[in-house]
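Visitor: pasting a predicted model and its sequence here:
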Amino acid sequence: MSDRTEQLRQIRDEVLNLTESPLYSYRKQNGYFPVIGQGNHYADIMFIGEAPGENEAKTGVPFCGASGRVLDELIASIGLRREAVYITNIVKDRPPANRDPNKQEIELYSPFLVRQINIIQPKVIATLGRFSMEFILKLFDMPQKTQKISQLHGKVLEGQAEFGLIYVVPLFHPAVALYERSKRAILEEDFQVLRQFISLQ
């Protein structure tokens, strides 16, 4: 087992026992799982959403519902499979009724995400949706942190991580493609900028 796998397993165990989380009892009452993350521990591309939905909480797998199918298709459109990337969320437990995560929940769970980023050390983080974009741009104190996703989607931004240079590509959340056909076309176009970060094996 690699050191990265061991470190990520440690995060999983900590989140499993995160009794101070307001979402912990909700998870237990419903027989849900925390959704830690899935994929290649040496991935060049890391996708970060905001919080798991019901399908994800029932399985412990990130992006496994309808929006996950969209994400899988978009990943395939740049010649990759899901197994080649790493997929996670800021908040690791499902908020009730699929509401947006609140400030307290983001503060509680985000240190786990920061550790995941530093363990995997991706070349690029593709943020999925507004919450994820805002969090990552603030985390790396990037000059674009006050801008909106409508201005930044599909752009390649440079930031400084603990382990060195990192690129951030803000993307719309795949769920928008389910409701707005025009957004699907934008997502497909924006995804193509990720091709430059794929290592040739």
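Guide: Perfect, thanks for sending it. Residues are numbered from 1 along each chain as shown.

Visitor: switch to C-alpha atoms for all contacts and neighbour counts from now on
Guide: Will do.

Visitor: and Lys183, which of the three is it?
Guide: helix (DSSP: H, G, I helix; E, B strand; the rest coil).

Visitor: which ones are touching the closest residue to it other than its chain neighbours?
Guide: Excluding the flanking residues, the one nearest Lys183 by C-alpha to C-alpha, 6 or more residues apart in numbering is Ala177, at 5.4 Å. If you count contacts by C-alpha atoms under 8 Å, 6 or more residues apart in numbering, Ala177 has them with 67, 70, 183-184, 187.

Visitor: rerun at 10 Å
Guide: Ala177 is in contact with 66-67, 70-71, 183-188, counting by C-alpha atoms under 10 Å, 6 or more residues apart in numbering.

Visitor: repeat for Pro34
Guide: By C-alpha under 10 Å, 6+ apart, the contact list for Pro34 reads 12, 15-18, 23-24, 27-28, 52, 56-62, 91-94.

Visitor: rerun that using 8 Å as the cut-off
Guide: Contacts for Pro34 (C-alpha under 8 Å, 6+ apart) come out as 15-16, 27, 57, 60, 92-94.

Visitor: same question for Glu105.
Guide: 21-22, 91.

Visitor: that older thread, from the contacts of Ala177, which is closest to Leu108?
Guide: Ser67 (25.2 Å; C-alpha to C-alpha).

Visitor: ok, the closest one touching Arg184?
Guide: No. Using C-alpha atoms under 8 Å as the test, Ser67 is too far from Arg184 to be in contact (11.2 Å).

Visitor: of the two, who's got more company?
Guide: Neighbour count, other C-alpha atoms under 10 Å: between Ser67 and Arg184, Arg184 has more, with 20 against 17.

Visitor: tell me the spacing between that one and Ala76.
Guide: 14 Å (C-alpha to C-alpha, to the nearest Å).

Visitor: mind checking pLDDT for the residue nearest to Ala76 when sequence neighbours are not counted?
Guide: Of all residues not flanking Ala76 in the chain, Arg82 sits nearest, at 7.8 Å (C-alpha to C-alpha, 6+ apart). On pLDDT, Arg82 comes in at 95.

Visitor: also Tyr179?
Guide: Note on Tyr179: pLDDT of 87.

Visitor: again, but for Gln201
Guide: pLDDT recorded at Gln201 is 43.

Visitor: begin at 43 from here
Guide: In the new numbering, first residue 43, that becomes Gln243.
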